[in-house]
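J.: sequence and predicted structure are below.
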Amino acid sequence: MATAAKAKLLLCELKTVKADLAFAKARCSKLEEENKMLRDCGTTTTKGQNREDDDMIRFQLETLLAEKARLAGENEVYARENRFPRELVEYHQLTMQDVVYLDDGIAEVPEVYDSSSGVSRITSFNPSPSESPLRVVIRNSESSPILPNEMLTVIEKDSKSASENEAPIPSVSASPK
């Protein structure tokens, strides 16, 4: 009985192998037909289309490179034109660091007002009460006595940080002329 079971098992395996072989042959014939069709189409129309596509791609690349060169030239011109204004802004920023705004804590910038009497005045607030303020008064020589709201509060520099070229800001009293 063991030999009959083995023969039956081998017969089943033979049938599955024959079915797999038939499927592989059918698939192989389909692939051969596809390959033959692609080779035939490739020799007649595809090569001509590829050459046209290659020429079009080459032309587009040349156009893009020419545009890139033109834009690089324009960029260089604009960089040269913008160099002077950038240097001006940098100079202005460097010079403005040494102006009245000595304390980074100043929140309000002084404003200049023209009154109806022709007197220009600058008003501001003391940035911090712990600093010792210096009062600077701006007034016309023909004006009336100085009022407290016509004074500008400025924080004094340390004597160490003041350079030799800078003149100290004088303190003006509120007495009339």
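T.: Yes, it's here. As the structure is a computational prediction, the values presented were derived from the model and not from experiment.

J.: let me see the domain layout of this structure.
T.: Domain ranges of the chain: 37-97, 102-177, per automatic domain parsing.

J.: confidence-wise, which of the ones you listed is weakest overall?
T.: Of all the domains of the chain, domain 102-177 carries the lowest average pLDDT, namely a mean of 49.

J.: helices of the protein, residue ranges please.
T.: 2-41, 47-96 (DSSP state H).

J.: could I get these as a markdown table with mean neighbour count?
T.: For the C-beta atoms, the positions are set from N, CA and C on the backbone; glycine is no exception. Shown next, in a markdown table, are the helices of the chain (neighbours: other CB atoms under 10 Å):
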| stretch | mean neighbour count |
| --- | --- |
| helix 2-41 | 10 |
| helix 47-96 | 10 |
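
J.: do you know how far Leu65 is from Arg83?
T.: For Leu65, the distance to Arg83 equals 27 Å [CB to CB, to the nearest Å].

J.: over to Met96?
T.: Counting by CB to CB, the gap from Met96 to Arg83 is 20 Å.

J.: again, but for Asn35
T.: For Asn35 relative to Arg83 (CB to CB), the value is 64 Å.

J.: Leu64 too?
T.: For Leu64, the distance to Arg83 equals 29 Å [CB to CB].

J.: now do Glu33
T.: Glu33 is 70 Å from Arg83, by CB to CB.

J.: one more: Ala69?
T.: From Ala69 across to Arg83, the span is 22 Å (CB to CB).

J.: also Phe59?
T.: Shown here: Phe59 relative to Arg83, a distance of 37 Å by CB to CB.

J.: check Met37 too.
T.: Distance, Met37 to Arg83, using CB to CB: 65 Å.

J.: kindly report the same for Ile57.
T.: Applying CB to CB to Ile57 and Arg83 gives a distance of 39 Å.

J.: what's the answer for Ala66, then?
T.: Distance, Ala66 to Arg83, using CB to CB: 27 Å.

J.: ok, Ala24 next?
T.: Distance of Ala24 to Arg83, computed by CB to CB: 74 Å.

J.: please apply the same query to Ala7.
T.: With CB to CB as the criterion, Ala7 and Arg83 are 97 Å apart.
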